[in-house]
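Peer 1: No letters, just coordinates:
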């Protein structure tokens, strides 16, 4: 008799476990879907500023944009500068990247082959390209009290 009772207890436990295992899976799937939706909408990049400046000969376009990414504790401000060849593939190449700041950029072409980028403030420079194609690229800190330029 003890073996029959033990077998019955195991049967009831297994049946109970099967019943309970269906509920957490559906709840888990629902929570995963909800989490995915929140993360997908929370990581949106929103441009807050942009500009474009064509070179004097019209062969190049320098463009910049500041984007704010949002998320739960992952928000960031990023400013990127791109150089685009105005004929052919017209694909952009990233030449500057500033993080965690709005560097207040000024972009000017000194000549068709020389691009000057000025910024104000204490920007974190993550990427700086000094030459792309036949274009020399100079970066200048224009903050008061800063007399150096980066090149």
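Peer 2: That came through fine. In this text, all values refer to a predicted model and were calculated from it rather than measured experimentally.
Peer 1: Not counting sequence-adjacent ones, nearest residue to residue 110?
Peer 2: Excluding its sequence neighbours, the residue lying closest to residue 110 (CB to CB, 6 or more residues apart in numbering) is residue 116, at 5.5 Å. In short, each C-beta sits where N, CA and C put it, glycine included.
Peer 1: and what of residue 90?
Peer 2: Going by CB to CB, 6+ apart, residue 90 has residue 84 as its nearest residue, at 6.0 Å.
Peer 1: so for the helix or strand hosting that neighbour, what's the average pLDDT?
Peer 2: Taking DSSP states H and E as the criterion, residue 84 maps to strand 76-85. On average, the pLDDT along strand 76-85 is 92.
Peer 1: just checking, next helix/strand downstream of it?
Peer 2: strand 92-99.
Peer 1: after that following strand, next one along is what?
Peer 2: Counting by DSSP H and E, what follows strand 92-99 is strand 106-111.
Peer 1: The helix or strand just after that following strand pairs with which strands, parallel or anti?
Peer 2: Sequence-wise, the next helix or strand downstream of strand 106-111 (DSSP H and E) is strand 114-119. Sheet pairing here is set by DSSP bridges, and for strand 114-119 it gives strand 106-111 (antiparallel), strand 135-141 (parallel).
Peer 1: Can you mark which positions in the strand holding residue 84 are buried?
Peer 2: Within strand 76-85, the residues that count as buried by 16 or more other CB atoms under 10 Å are 78-85.
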